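Colleague: heads up, no residue letters with this:
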Ligand SMILES: Nc1ncnc2c1ncn2[C@@H]1O[C@H](COP(=O)(O)OP(=O)(O)OP(=O)(O)O)[C@@H](O)[C@H]1O
């Protein structure tokens, strides 16, 4: 649906985005992942047309002016505080080419969809962070865009707000193509067809979660001790390479070593209460760290 080729942005001497190439297939959801300063906002700004690339191109299938087909939620949206949610959404609808006749109806529909039915006549100044983010989604979808670009849609929210937003995004995923940036990798793990790993403006890895897991994932044992002291004691005395996290000890499995049996034979002779031993995969965050070599 959208093809990005060799996209590059240089600010003065700073190469914020360097030679990015990827495609977004119709109806899929893609997570743009990277730490602070990786180039996520710069990339999204170039896709929206707000920022001119220094080099490279962004092409949308069957479309002359891609901006009409894009809905955008900026990282720090500016909702005019003196407007009500309905007025703000209507204004955005009109700016995006919706006729005055339809703007109100469409605004009411999307505000209802994002769960602001009972708040649409309130001034945005009175909105909480979670309500503002939902309003941000409403203004992004009011003109029925084919592509949704969302800059850190969940990062600033508390766990409850994040859950609500993720549920909303999952519903949107069924009807649009989504590209969203995040540095909260658990969220990306939950909702994504494609992952783009950005580091220092470069795309260091891309693919489906399944493919990236197949390439980088490794299995580990996770042993839960009843205290941190016991975990530490075990980690010190075993010959196996370990990492620790609170009362957990992790042991990477390489070439099928150690087997569960080999591990258990070491554990059963210990004078500790071991609460759990299991074979686990890496989290997306750990895979990302592995990909970027940290
Ligand atoms: N207008 C600008 N002028 C100069 N440098 C800029 C400008 N905008 C961004 N940069 C630099 O480009 C790099 C990428 O910034 P960008 O905001 O795209 O990163 P990001 O991944 O979105 O980070 P964050 O997660 O903190 O929002 C950073 O080093 C930033 O300082």
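Modeller: Noted; the coordinates are in hand. Keep in mind that what you see is a predicted model, and the values were worked out from it rather than measured.
Colleague: Name the nearest residue to the residue in the stretch 101-250 of the chain that the ligand sits nearest to, ignoring sequence neighbours.
Modeller: Using CB to the nearest ligand atom, the single residue of the stretch 101-250 of the chain nearest to the ligand is residue 183, 5.8 Å away. Placement of C-beta: from N, CA and C, glycine included. Here the nearest residue to residue 183 in space, its sequence neighbours aside, is residue 35; by CB to CB, 6 or more residues apart in numbering that works out to 6.0 Å.
Colleague: Please look at that neighbour and residue 199 and confirm they touch.
Modeller: Yes. Under the contact definition of CB atoms under 8 Å, residue 35 touches residue 199, with a separation of 7.3 Å.
Colleague: Could you pull up the mean pLDDT of the strand or helix carrying residue 288?
Modeller: Applying DSSP states H and E as the criterion places residue 288 in helix 284-291. Computed over helix 284-291, the mean pLDDT rounds to 83.
Colleague: Wondering if it reaches the ligand at all.
Modeller: No. When contact is scored as CB under 6 Å from any ligand atom, no part of helix 284-291 falls within range of the ligand; the minimum is 13.4 Å.
Colleague: Pull out the buried positions in that helix.
Modeller: Taking 16 or more other CB atoms under 10 Å as the neighbour-count basis, helix 284-291 is seen to contain the buried residues 284, 286-288, 291.
Colleague: For residue 139, give me its contacts.
Modeller: Contact criterion CB atoms under 8 Å, 6 or more residues apart in numbering gives 71, 73, 77, 88-89, 92 as the residues in contact with residue 139.
Colleague: From those, which land in strands?
Modeller: Taking DSSP state E as the definition of strands, the contacts of residue 139 contribute 71, 73.
Colleague: looking at the contacts of residue 139, which has the most residues close by?
Modeller: In terms of neighbours by other CB atoms under 10 Å, the contacts of residue 139 top out with residue 89 at 30 neighbours.
Colleague: List the residues that contact it.
Modeller: Taking CB under 8 Å, 6+ apart as the definition, contacts of residue 89 comprise 107, 110-111, 120, 135, 138-139, 142.
Colleague: ok, back up a step: helices and strands around the helix holding residue 288, which ones?
Modeller: Counting contacts by 3 or more CB pairs under 8 Å, 6 or more residues apart in numbering; DSSP states H and E, the secondary-structure elements packed against helix 284-291 are helix 185-190, strand 194-199, helix 209-216.
Colleague: Quick check, pLDDT for residue 64.
Modeller: Residue-level confidence at residue 64 comes out at 64, pLDDT.
Colleague: Now for the chain, the helix or strand with the poorest mean pLDDT.
Modeller: helix 185-190 (a mean of 79; mean pLDDT, DSSP states H and E).
Colleague: number of nearby residues for residue 238?
Modeller: Residue 238 - counted by other CB under 10 Å - has 16 other residues nearby.
Colleague: Not counting its neighbours along the chain, what's nearest it?
Modeller: Once flanking residues are discounted, residue 238 sits nearest to residue 266: 6.4 Å by CB to CB, 6+ apart.
Colleague: what about whichever strand or helix holds the one you found, average pLDDT?
Modeller: In this structure, residue 266 is located in helix 260-267 according to DSSP H and E. Taken as a whole, helix 260-267 carries a mean pLDDT of 89.
Colleague: Just after it, pick out the following helix or strand.
Modeller: For helix 260-267, the succeeding helix or strand toward the C-terminus, using DSSP H and E, is strand 274-280.
Colleague: what are the pairing partners of that following strand, and which direction each?
Modeller: Strand pairing for strand 274-280, using DSSP bridges, gives strand 220-225 (antiparallel).
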